[in-house]
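A.B. asks: Pasting the sequence and the predicted model now:
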Amino acid sequence: IKNAEIQEEYSKNSERLALQCSYLKFLDPDVVVKENGDEDLKPSNRWNEYKLNHSWWDALLQNYRDDTNNEATTSLKDIQGASLLKSRTQANIKVKRELLPPRVALSPGANKYVLVKAKDPDNGVLWFVKSAQASECGGPYHANVANDLVEWLEACDLEVEITGGGRIDYNPEKKYANVYGFSYGFGKGNHAKAAALIEKNSDILATFDNSPALY
């Protein structure tokens with residue numbers, strides 16, 4: 001079989017899978033006998049309803065979620081989420097500037113981080129560093145880490161830009177953090193700036209590593 005035929009057959013199977021129904025509802029027909037003796041079907045008031053509570057792919061999806069938990073690198077959803085956050089306009093909600101989020105928010109362990117710049121007409125440019133575990137921010141991608149912080153800053157009527165990201169390995173007992181890696185969605189963060197912000201706004205000793213091989 002030629003490669004083209006294999007691809008065609010694979011596409012047919014994929015299309016059938018994509019069209020598989022999980023919910024179906026339709027009117028039950030009534031049989032009506034016409035004057036000439038022919039039978040005809042007309043919709044009744046009786047509904048037939050069918051739905052799947054479980055499907056054969058549930059276990060596969062669950063296994064995928066378990067396997068990718070904190071180890072996910074990137075996906076189309078990640079890239080789209082990052083693009084959406086990059087281009088999102090300011091919120092209309094106004095709150096007091098005193099309610100700004102902390103400049104530095106780190107979660108223990110090696111987690112993804114984002115470096116965020118917010119423009120304030122009164123105070124100029126403000127910088128924020130945030131790292132988070134997947135269980136804390138709703139997902140394993142940099143866009144998940146950034147989402148709450150961006151919403152908070154936009155609610156303060158600030159113009160927000162996610163300048164990059166990577167990972168921060170933070171040990172709260174030793175009060176030490178190492179900044180490294182990169183983000184597929186936002187690009188590589190300025191690790192030196194992130195480390196400097198951590199030291200300036202906390203009692204944490206911060207270092208950084210710009211090695212290209214590190215993710």
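C.D. replies: Thanks, I have it.
A.B. asks: all strands of the chain, in order?
C.D. replies: Here the chain has its strands, by DSSP state E, at 23-33, 39-51, 104-105, 109-120, 124-132, 159-171, 176-180, 205-208.
A.B. asks: now the angle between strand 176-180 and the fifth one, please.
C.D. replies: Angular relation of strand 124-132 and strand 176-180 on a 0 to 180 degree scale: 100 degrees, by axes from the mean of the first three to the mean of the last three C-alpha atoms, to 10 degrees.
A.B. asks: Now do the buried residues in strand 124-132.
C.D. replies: 126-132 (16 or more other C-beta atoms under 10 Å). No exception for glycine: its C-beta is placed from N, CA and C like everyone else's.
A.B. asks: returning to what we had before: export the strands of the chain as CSV, with columns for mean pLDDT and distance to Ala196.
C.D. replies: As requested, the strands of the chain are exported to CSV (pLDDT from 0 to 100; distance: least, C-beta to C-beta, whole Å):
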stretch, mean pLDDT, distance to Ala196
strand 23-33, 75, 54
strand 39-51, 76, 56
strand 104-105, 96, 11
strand 109-120, 94, 11
strand 124-132, 94, 9
strand 159-171, 95, 13
strand 176-180, 97, 10
strand 205-208, 96, 7
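A.B. asks: Including distance to Ala146, could those strands go into TSV?
C.D. replies: Conversion of the strands of the chain to TSV gives the following (distance: least, C-beta to C-beta, whole Å):
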stretch	distance to Ala146
strand 23-33	35
strand 39-51	37
strand 104-105	12
strand 109-120	4
strand 124-132	7
strand 159-171	5
strand 176-180	16
strand 205-208	19
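A.B. asks: Distance of Lys188 relative to Ile204?
C.D. replies: Distance of Lys188 to Ile204, given as C-beta to C-beta, to the nearest Å: 21 Å.
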